[in-house]
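J.: Take a look and give me a structure for this.
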Amino acid sequence: MSKSNSQLFRITYLLYGISIALLLISCSTESDKIPLVIEKKIEYDKFGFVADSFKIEEGMIRKNETLADILTNSQIDYNLITKIYNSSKPIFDFRKIRPNKNYRVYKNQDSLNSFHAFVYEIDKTKYLKVNLEDSLKVEISKREIQTIEKSVTGVINSSLYETLLEQNSSIVLAGNLAEIFAWQIDFYTIQKGDQFFAVYEELFVDDESVGIGEVLVAKFIHKNNPFHAFLFDQNERKEYFDEDGNSLQKEFLKAPLKYKRISSHYSGRRLHPILRVYRPHRGIDYAAAIGTPVQAVGDGIIIKVGRDGAAGKMVKIKHNSVYSSAYLHLSGYGKGIKRGARVKQGQLIGYVGSTGRSTGPHLDFRFWKNGSLVNYLRQKFPSSKAVADSNLFEYNILKDSLLTTMQNHLALK
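T.: Residues are numbered from 1 along each chain as shown. Below you'll find the predicted structure:
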C-alpha cells in the first residue's frame, strides 16, 4: 500500500470512530430525557382491600345493635341496607351478629362517600364480606392460619387444668387430653404425681394465637401406668391409637332404642307441648310404643335412677370423665339397674313410658359432653376399630416418628 493510501485509510477509520462516539453520546442523551418510572407497590389490608383507596369506618358491635343501626349511622341508604340484609340471608343471617365483634364500613373516596363494602368479623379466623362493585357480592372468607408445632409437659399437683394454668399453657388442652384418654383414665381420679406430655399444633393469625389444632402425640402416666396416644389418619379418618394400634376410644350406639320417629329434635327454642311457652329442649324425643326396650348407648356406671320431677322415671349413666347420658319418661327399669351398677353398651336399662311431664309415650334422651348438654346426633364419635393390618406398616412408621418428635421436644425442655 502506498504512503498516500495509508494516510487516507487512517483518516477514514478515525472519522468512522468519531461518528460512532457521537452516536453513542446522542443515544445516551436521548435516554436521559426518558422519565424514570417507579412502579408503586399496592398494599392490601387484612380483608383484601387496597389500603389507601377507601374511607374506612370501623367499630365494635354494641348490645342489641343491628345491621340497620350500624349502616344507618354510616349514612347508608336504607334501601341498600335492606338489599344487603336480604342478599346475605342464604349465606349469613344478620340476626346472629353478636356484641363485641368488630366490623368495618368501606366508602369510596368520591363526593358522595358512597358505600363500597361491609366486613363483619365472625370470629378470629372467619369474616363476612359484603362488596358492592358491579353488583352486590356476599361471601364468608377465612384468614390465613399459620400452624406452629408446640409441646407441653407437667406433673399434676391438683388437676390437669390448674397445672396447665400455672405454666401459662393453653387450658383448652385440658379438655382435649381428657377427651383423648377418656376411656383409659377417669380424670376425676387423677392424683398428685401423675404426669403428662403432648405435642400439639397451635394456630396463629397475624401472630395472634387463635386456638389449638390437633394433638399429634400424647402420653399420660396415671397411677404409674403409662398411656400413649398417636394420631393416625386411617381411611381418611383421624383417630387416636395406642402403641399396639388399638383404638383409644369406643363408639356409641346410633340410638338408644328402636323408634318410630323423632318427634322433637335438640333445639334452643321449642314450643313446650304442655306449658305452651318457648323454652330450650336439650334432648331428642324418640316416639315409640310403651314398653319398647331402651338400651345404654355405651359402657358406664349408673349415677342416678328413679323419679325426677318432670323427667318422670329416669336413668343417668356416666360413661367416662367426658360423656354422660340420661333416659327420661321411662315406664320401668331393666333387671339390676340401680345406682352404682356397671352397664355395658346395648344393655337393657328400661322401657319407654310417659311418666313425668309428658303428652304421650316417648323417650327423651339427653347427652352431656364435659358437663354441657349437646346434640347427640351431631357428635362425631370414632369407630373404635384397631388399625387395619393393611395400614400397620404405615402406622408403625408414623408412631416411631412421633415418639422421636416427643423425645426431641423433651430434650429442649
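
J.: Going by C-alpha atoms from here, please, whenever you check contacts or count neighbours.
T.: OK.

J.: And the helices in the stretch 151-300 of the chain?
T.: In the stretch 151-300 of the chain, the helices defined using DSSP state H, counting those that start in this stretch lie at 160-166, 172-180.

J.: Okay, strands next: where are they in the stretch 101-250 of the chain?
T.: 102-108, 115-121, 126-132, 136-142, 146-155, 195-205, 208-222, 225-234, 237-241 (DSSP state E, counting those that start in this stretch).

J.: list the helices and strands the first one packs on?
T.: Right, the one you point to is strand 102-108. strand 54-60, strand 115-121 (3 or more C-alpha pairs under 8 Å, 6 or more residues apart in numbering; DSSP states H and E).

J.: any idea of the angle the first one forms with strand 115-121?
T.: Read it as strand 54-60. Counting by axes from the mean of the first three to the mean of the last three C-alpha atoms, to 10 degrees, strand 54-60 lies at 30 degrees to strand 115-121.

J.: For the helix or strand following strand 54-60, list every residue counted as buried.
T.: Once strand 54-60 ends, the next helix or strand along the chain (criterion: DSSP states H and E) is helix 67-73. By 16 or more other C-alpha atoms under 10 Å, the buried positions in helix 67-73 come out as Leu67, Ala68, Ile70, Leu71.

J.: Please apply the same query to stretch 139-150.
T.: By neighbour count on 16+ other C-alpha under 10 Å, the buried set for stretch 139-150 is Ile145, Thr147.

J.: quick one: contacts of it?
T.: With C-alpha atoms under 8 Å, 6 or more residues apart in numbering as the test, stretch 139-150 has contacts from 46, 91, 125-130, 199-205, 213.

J.: Who are the contact partners of Leu221?
T.: Actually, residue 221 is Ile. It isn't Leu. Asp194, Gln195, Phe196, Phe227.

J.: tell me which of those residues is nearest to Tyr106?
T.: Phe196 (49.1 Å; C-alpha to C-alpha).

J.: Report how many residues lie close to that closest one.
T.: 20 (other C-alpha atoms under 10 Å).

J.: can you check Asp389 too?
T.: Neighbours of Asp389 (other C-alpha under 10 Å): 10.

J.: before we move on, what about Ala255?
T.: When neighbours are counted by other C-alpha under 10 Å, Ala255 comes out with 16.

J.: Report the contact partners of it.
T.: Counting by C-alpha under 8 Å, 6+ apart, Ala255 touches Val297.

J.: Then Glu239?
T.: Contacts of Glu239 (C-alpha under 8 Å, 6+ apart): Leu231, Phe232, Asp233, Ser247, Pro382.

J.: Test my guess that the second one contacts Gly245.
T.: No: using C-alpha atoms under 8 Å, Phe232 and Gly245 do not qualify as a contacting pair, with a distance of 9.5 Å.

J.: which residues are in contact with both of these two?
T.: By C-alpha under 8 Å, 6+ apart, Phe232 and Gly245 have these common neighbours: Tyr395.

J.: In three-state terms, label Tyr85 for me.
T.: State at Tyr85, reduced to three classes by DSSP: H, G, I helix; E, B strand; the rest coil: helix.

J.: Can you get me a residue count around the residue lying closest to Ile262 once chain neighbours are set aside?
T.: Leaving aside its chain neighbours, Ile262 sits nearest to Tyr286 (4.6 Å; criterion: C-alpha to C-alpha, 6 or more residues apart in numbering). Residues lying near Tyr286 (other C-alpha under 10 Å) number 23.
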